[in-house]
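*Asks:* please work out how this folds:
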Amino acid sequence: EVLRRGVALGMTFLDTGEDYEDGYAEELLGKAIKGMREKVFISSKFQPAHNAFPGVMAAIEGSLKRLGTDYIDLYQVQWPNAAVPVTETMSALSALVKAGKVRFAGVSNFTPDQLREAQAAFQPGELVSVQTEYNLLDRSIESDLLPYCRENRVTVIAYNLLSQGHLYFGEKERDILEKVAEKHGGTVTQVIIAWVISRPPVIALTNTMDLRHLEQNAAAADLRLSQADINLIDATFNRQPVLVLPERIRVAGYDADVSHTIYTTLEEAIANAAGIQPSPTALAEEIKNGQMLRPVELVRTRDTSGRYDYDLIHGRVRYWAWVIAHGRQAPIPAFVAGERQYAKSERQ
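*Replies:* Numbering: from 1, shown residues only. Down below sits the predicted model:
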């Protein structure tokens, strides 16, 4: 019902992935779009474990079957895989475009250097997008990835706009957003979405199973922020990453997204029993080779033992990858969010 209502409201870009709910998300989407396939634009992804040529070919067949379609509009590699050359993965995507099983190819969570390497394997216009995190707290793509995409006509698909629903604002920041929202007769969430899509070539992914929130998200596309609004928000949310010793960061048993697997010890991260891809160990190798990952997200801790200064709220795998690569004495880049707002599950 929610998916069909979204399409009726003009939200026709539908994003999923082979590993979302172990494939069930693709099955559900396939059922929801029956009878209106030509009205929607389906975007799906394959896991980094499938980045080798045979893996991509097998993954596409599984996704097509679950989605109940014979083509995918946008097919993306979900993460780079250090064990598989980018050129091999792109060769597979290019072959799928030529075979008509995929209309366009894209990448997700690639750095600018990785994106350049990926583009070199394609004909002009075949690799059309990069999906990446982008929100008011983490604006790091504005210094490199966003300008590159603007110059090279690559669409930026922004996800995690609300930091899994837990953006942490200071009092001044929230006041500014509320004033802009009141000015436009909207909500703070709508203002955030409008701010994200005000920066070409960015489009935004939203996620909800609530009809009321769905309709509010759709209406955000019609909220036109003035340049003065944008400048005010830019100036208010201009946090720069800081360097923090990992040993001063508390890694507790919760995260901004409670659906994500959580490793709370180095031993758990190295063992990677949940099979997270790319694994903390694989990311550590990329860090050792000079590949810089985006900063983790922190808030001031409420721990009273004196051992910690911050709590980790986002970027768990990145944190452990850094510790594996450099130990706990090498400062890790981090964004420090505003005052902590604890989720209901944490207060109980």
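
*Asks:* stretch 141-158: which residues count as buried?
*Replies:* Ile141, Leu145, Leu146, Tyr148, Cys149, Val154, Thr155, Val156, Ile157, Ala158 (16 or more other Cβ atoms under 10 Å). No exception for glycine: its C-beta is placed from N, CA and C like everyone else's.

*Asks:* using a markdown table, lay out those together with secondary structure.
*Replies:* Shown next, in a markdown table, are the buried residues of stretch 141-158 (DSSP: H, G, I helix; E, B strand; the rest coil):
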| residue | secondary structure |
| --- | --- |
| Ile141 | helix |
| Leu145 | helix |
| Leu146 | helix |
| Tyr148 | helix |
| Cys149 | helix |
| Val154 | coil |
| Thr155 | strand |
| Val156 | strand |
| Ile157 | strand |
| Ala158 | strand |
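
*Asks:* distance to Asn207 added to the residues you listed, as CSV?
*Replies:* Listed next are the buried residues of stretch 141-158 as CSV, based on distance: Cβ to Cβ, whole Å:
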residue, distance to Asn207
Ile141, 19
Leu145, 22
Leu146, 22
Tyr148, 26
Cys149, 22
Val154, 23
Thr155, 19
Val156, 17
Ile157, 13
Ala158, 12
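
*Asks:* now those residues as CSV including pLDDT and distance to Gly17?
*Replies:* Converted to CSV, the buried residues of stretch 141-158 look like this (pLDDT from 0 to 100; distance: Cβ to Cβ, whole Å):
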residue, pLDDT, distance to Gly17
Ile141, 94, 21
Leu145, 95, 21
Leu146, 96, 23
Tyr148, 94, 24
Cys149, 96, 21
Val154, 96, 20
Thr155, 97, 18
Val156, 98, 18
Ile157, 98, 12
Ala158, 97, 16
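
*Asks:* out of these, who's nearest Leu3?
*Replies:* Proximity of those to Leu3 (Cβ to Cβ) peaks at Ile157, which lies at 18.2 Å.

*Asks:* okay, domains of the chain per the record?
*Replies:* According to automatic domain parsing, the chain comprises the domains 2-236, 242-347.

*Asks:* which one of those has the poorest average confidence?
*Replies:* Lowest mean pLDDT within the domains of the chain: domain 242-347, a mean of 83.

*Asks:* any idea how far that one is from the chain center?
*Replies:* 16 Å (Cα atoms, centre = their mean, to the nearest Å).

*Asks:* what's the answer for stretch 171-183, then?
*Replies:* Counting by Cα atoms, centre = their mean, stretch 171-183 is centred 25 Å from the centre of its parent chain.

*Asks:* next: stretch 135-147.
*Replies:* 12 Å.

*Asks:* and what of stretch 215-235?
*Replies:* 20 Å.

*Asks:* show me where the stretch 151-300 of the chain has its strands.
*Replies:* 155-159, 202-204, 242-244, 249-250, 296-300 (DSSP state E, counting those that start in this stretch).

*Asks:* so Val299 touches Ile313, yeah?
*Replies:* Yes: here Val299 reaches Ile313: they are 5.6 Å apart, a contact under Cβ atoms under 8 Å.

*Asks:* neighbour count winner among the two?
*Replies:* Ile313 (24 against 21; other Cβ atoms under 10 Å).

*Asks:* return the distance of that one relative to Leu293.
*Replies:* 16 Å (Cβ to Cβ, to the nearest Å).

*Asks:* just the CA trace of stretch 22-31, in CSV.
*Replies:* The C-alpha trace of stretch 22-31 is given here as CSV (Å, rounded to 0.1, in the frame of the first residue of the first chain):
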residue,chain,number,x,y,z
ASP,A,22,17.8,-11.2,2.4
GLY,A,23,16.1,-10.6,-0.9
TYR,A,24,12.6,-10.1,0.5
ALA,A,25,12.6,-6.4,-0.2
GLU,A,26,13.1,-7.1,-4.0
GLU,A,27,10.3,-9.7,-3.9
LEU,A,28,8.0,-7.2,-2.1
LEU,A,29,8.8,-4.5,-4.6
GLY,A,30,8.1,-6.9,-7.5
LYS,A,31,4.7,-7.6,-6.2
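
*Asks:* what's next to it, contact-wise?
*Replies:* 3, 14, 16-18, 20-21, 42, 44, 62-63, 66-69 (Cβ atoms under 8 Å, 6 or more residues apart in numbering).

*Asks:* run the last query once more with 10 Å
*Replies:* 3, 14-21, 37, 40, 42, 44, 62-69, 72 (Cβ atoms under 10 Å, 6 or more residues apart in numbering).
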